[in-house]
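**Student:** Turn this into a structure:
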Amino acid sequence: MSADTPHYAKLRAKAANQVAYRSKRRQRIPVDQDLDPRTIPLAELNVANPELFRLDAFWAYFERLRDEAPVHYCADSQYGAYWSVTRYADIMEIDKRHDDFSSDLSFGGVTLMGTPTSHADMSMFIQMDPPSHDEQRKAVAPKFTQSALKQLEHTVRECAAAILDGLPRNETFNWVEHVSVELTGQMLATLFGLPQEERHRLIAWSNIFSNADNPDVVLDKGEYYAALAECGEYFEDLWQDRKNREPTGDLVSMLAHGAATRNMTPRELVGNAVLLIVGGNDTTRNSISGGLLALNEFAHEYDKLRADPSLITTMVPEIIRWQTPLTHMRRTALADMDFRGQKIRCHDKVIMWYISGNRDPRAIDRPDEFIIDRARPREHLSFGFGIHRCLGNRLAELQLRVLWEEIMARYPTIEVVGEPQRVSSVLFRAIQDLPVRIAA
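**Tutor:** Residues are numbered from 1 along each chain as shown. Predicted coordinates for the structure are as follows:
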């Protein structure tokens with residue numbers, strides 16, 4: 001194989017040498033759902049407990065932080081010390097100030113879980129600062145322009161229609177497995193220029209990469225390293241093959257011919273492959289699931305949609321706000337500074353909690369209500385701001401819009417018939433199982 005590089009050999013060696021991975025950050029920290037977080041001493045409040053997210057029990061924690069300590073320091077957590085920024089306007093301010101707050105992997109990257117040694121295995125453009133970020137992002141940006149997405153819409157509609165037509169009637173099934181995962185998986189294969197049967201490989205990798213710290217999904221770190229090596233070797237072969245062909249417009253071809261990406265190191269290649277897989281799969285998948293759940297929880301909004309399906313246009317960004325599929329992004333302070341009256345030190349972790357900002361009543365009217373005809377539905381934080389604003393935001397909206405257009409053409413009601421099963425993750429607000437039923 002062309003991908004027989006020392007980097008992938010090291011990853012495979014790590015996989016072979018790993019035993020069950022039970023670090024502090026993977027341990028379950030019990031949550032007392034009857035506990036009022038306002039009774040916890042503010043200095044001891046740690047909202048970064050994955051169990052809070054699995055139980056959907058974090059809302060009161062963020063409400064308290066927004067009210068009492070919108071820039072809050074947690075000195076001790078399973079991820080180390082970190083600052084929480086929880087108000088809409090403050091999050092926007094941090095996100096825009098890339099000169100003061102770094103995304104670079106050498107400082108730990110863009111997630112709470114990152115450490116200064118995280119760069120050992122992979123690098124991706126979301127975890128770079130300018131100019132490297134801008135140069136590598138530019139290589140794949142043409143795939144997400146309005147004109148490119150317009151050409152893609154027919155494919156999205158064909159996929160959505162076929163998936164919906166194949167759903168069972170009068171029996172309970174998992175919406176996530178049959179619809180959310182299937183549509184985003186098919187679109188991933190399309191974007192990478194791969195045969196549709198390869199989507200199962202992409203989905204499996206995405207599940208491992210997005211659950212690397214979830215002991216319910218990835219039992220040991222060896223599984224993660226093995227998947228990373230397998231993914232890297234797979235995309236290295238594709239990348240080299242596309243280099244020797246005329247550009248075809250798929251994401252791999254763009255990386256192979258891009259000025260800043262055609263000579264990437266194996267570490268950068270596997271990192272950008274992981275970024276595009278997870279970014280194109282997990283976030284849209286969970287918005288598809290979260291949207292159906294929200295309509296069932298707010299039945300009057302479902303009635304409103306049935307009466308006027310044109311409201312899909314404003315419903316889509318409201319779904320993305322309501323679900324907030326990516327709960328946070330991290331930055332690292334590049335100097336000592338005062339921010340909103342707090343002394344942030346150089347190299348401190350600063351966490352922008354998008355999930356909190358999207359429920360901030362200071363910025364969003366009636367934020368705890370799901371309103372499909374909201375006046376300014378795109379004024380949410382789910383895609384971020386500034387140079388790191390989500391590259392695939394319009395593609396996510398396209399998939400949701402087309403899917404709901406096709407749903408409303410077929411099914412007046414899709415009923416959620418059981419509690420959703422959520423993932424133990426501090427990064428993804430993910431739904432694993434959503435039992436639904438469609439009447440005959």
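
**Student:** alpha carbons only for contacts and neighbour counts from here, please
**Tutor:** Will do.

**Student:** wait, V31 sits on E51?
**Tutor:** Yes. Contact criterion Cα atoms under 8 Å: V31 and E51 qualify, at 6.6 Å.

**Student:** And these two? Which one has more around it.
**Tutor:** Neighbours per residue, other Cα atoms under 10 Å: of V31 and E51, the larger number sits with E51, 21 against 13.

**Student:** Overlap in contacts, V31 and E51.
**Tutor:** Here V31 and E51 share no contacting residue, scored by Cα atoms under 8 Å, 6 or more residues apart in numbering.

**Student:** Give me the distance from the stretch of helix or strand S289 belongs to to the chain's centre.
**Tutor:** Using DSSP states H and E, S289 maps to helix 266-297. Mean-position distance between helix 266-297 and its chain equals 5 Å (Cα atoms, centre = their mean, to the nearest Å).

**Student:** Report the angle between the helix or strand just after it and helix 266-297.
**Tutor:** Next helix or strand after helix 266-297 toward the C-terminus (DSSP H and E): helix 299-307. Relative orientation of helix 299-307 versus helix 266-297 (axes from the mean of the first three to the mean of the last three Cα atoms, to 10 degrees): 90 degrees.

**Student:** What's the first helix or strand after helix 299-307?
**Tutor:** Counting by DSSP H and E, what follows helix 299-307 is helix 312-323.

**Student:** mind listing the helices for the stretch 1-150 of the chain?
**Tutor:** 6-17, 50-54, 59-68, 88-96, 132-140, 146-165 (DSSP state H, counting those that start in this stretch).

**Student:** List of residues touching the fifth one?
**Tutor:** Spelled out, it's helix 132-140. Contacts for helix 132-140 (Cα under 8 Å, 6+ apart): F125, I126, Q127, L251, M254, L255, G258, A259, A260, T261, I387.

**Student:** Quick one: buried ones out of the residues you listed?
**Tutor:** F125, I126, Q127, L251, M254, L255, G258, A260, T261, I387 (16 or more other Cα atoms under 10 Å).

**Student:** if I pick the fourth one, what's in contact with it?
**Tutor:** When contacts are counted by Cα under 8 Å, 6+ apart, L251 touches V140, K143, L191, F192, G193.

**Student:** excluding its backbone neighbours, what's nearest M337?
**Tutor:** I344 (5.3 Å; Cα to Cα, 6 or more residues apart in numbering).

**Student:** what's the neighbour count on that neighbour?
**Tutor:** Count around I344 with other Cα under 10 Å applied: 22.

**Student:** Show me the strands in the chain, by range?
**Tutor:** Here the chain has its strands, by DSSP state E, at 71-74, 82-85, 101-102, 173-174, 328-333, 337-339, 342-344, 349-353, 415-416, 421-422, 431-433, 435-437.

**Student:** Next one: W239 from I203, what distance?
**Tutor:** The gap separating W239 from I203 is 19 Å, by Cα to Cα, to the nearest Å.

**Student:** before we move on, back to that, for the contacts of helix 132-140, which one is nearest R321?
**Tutor:** Within the set of these, I387 lies nearest R321; the separation is 19.8 Å, counting by Cα to Cα.

**Student:** surely the closest one meets K96?
**Tutor:** Yes. Counting by Cα under 8 Å, I387 touches K96, with 7.3 Å between them.

**Student:** what ranges of the stretch 1-150 of the chain fall below the confidence cut-off?
**Tutor:** In the predicted model, the stretch 1-150 of the chain carries pLDDT under 70 at residues 1-4, 18-27, 118-120.

**Student:** Out of the strands of the chain, which one sits most buried?
**Tutor:** strand 349-353 (a mean of 27; mean count of other Cα atoms under 10 Å).

**Student:** Give the pairing partners of that strand; include direction for each.
**Tutor:** Sheet pairing of strand 349-353 (DSSP bridges) gives strand 82-85 (parallel), strand 328-333 (antiparallel).

**Student:** ok, back up a step: can I get the strands of the chain in CSV with distance to E246?
**Tutor:** CSV is the format used below for those (distance: least, Cα to Cα, whole Å):
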stretch, distance to E246
strand 71-74, 51
strand 82-85, 46
strand 101-102, 36
strand 173-174, 41
strand 328-333, 37
strand 337-339, 50
strand 342-344, 50
strand 349-353, 41
strand 415-416, 47
strand 421-422, 43
strand 431-433, 40
strand 435-437, 45
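
**Student:** closest one to T313 among these?
**Tutor:** That would be strand 415-416 among those, by Cα to Cα, at 21.7 Å.

**Student:** Not counting the closest one itself, show me its contacts.
**Tutor:** L292, L293, N296, L434, P435, V436, R437, I438.

**Student:** Closest to A148 out of those residues?
**Tutor:** After measuring the contacts of strand 415-416 against A148 - Cα to Cα - the closest member comes out as L292, at 27.5 Å.

**Student:** Count the neighbours of that closest one for me.
**Tutor:** For L292, using other Cα under 10 Å, the count is 20.

**Student:** List the contacts of it.
**Tutor:** Contact analysis of L292 by Cα under 8 Å, 6+ apart lists I414, V416.

**Student:** Would you confirm that the residue nearest to M337 contacts R331?
**Tutor:** No. With contact defined as Cα under 8 Å, I344 does not reach R331; the gap is 11.9 Å.

**Student:** on that earlier part again, can you check what angle separates the helix holding S289 from helix 312-323?
**Tutor:** Using the same axes, to 10 degrees, helix 266-297 lies at 110 degrees relative to helix 312-323.

**Student:** quick one, what contacts L391?
**Tutor:** A141, F144.

**Student:** one more time with 10 Å
**Tutor:** With contact taken as Cα atoms under 10 Å, 6 or more residues apart in numbering, L391 is in contact with 126, 137-138, 140-145, 276, 279-280, 383-384.

**Student:** most neighbours, which of the residues you listed?
**Tutor:** I126 (24 neighbours).

**Student:** Could you report the neighbour count for P130?
**Tutor:** 15.

**Student:** Assess the claim that it and G386 are in contact.
**Tutor:** No. Using Cα atoms under 10 Å, P130 makes no contact with G386, being 12.0 Å away.

**Student:** list residues touching both of those two?
**Tutor:** H98.

**Student:** rewinding a little: relative to T5, which of the buried ones among the contacts of helix 132-140 is nearest.
**Tutor:** Out of the buried ones among the contacts of helix 132-140, the member with the shortest distance to T5 (by Cα to Cα) is T261, at 17.6 Å.

**Student:** got the contact list for the closest one?
**Tutor:** Contacts of T261 (Cα under 10 Å, 6+ apart): E135, Q136, R137, K138, A139, V140, M254, L255, E268, L269, N272.

**Student:** Of those residues, just say which sits nearest to P37.
**Tutor:** Among these, and counting by Cα to Cα, the member closest to P37 is N272, at 38.7 Å.
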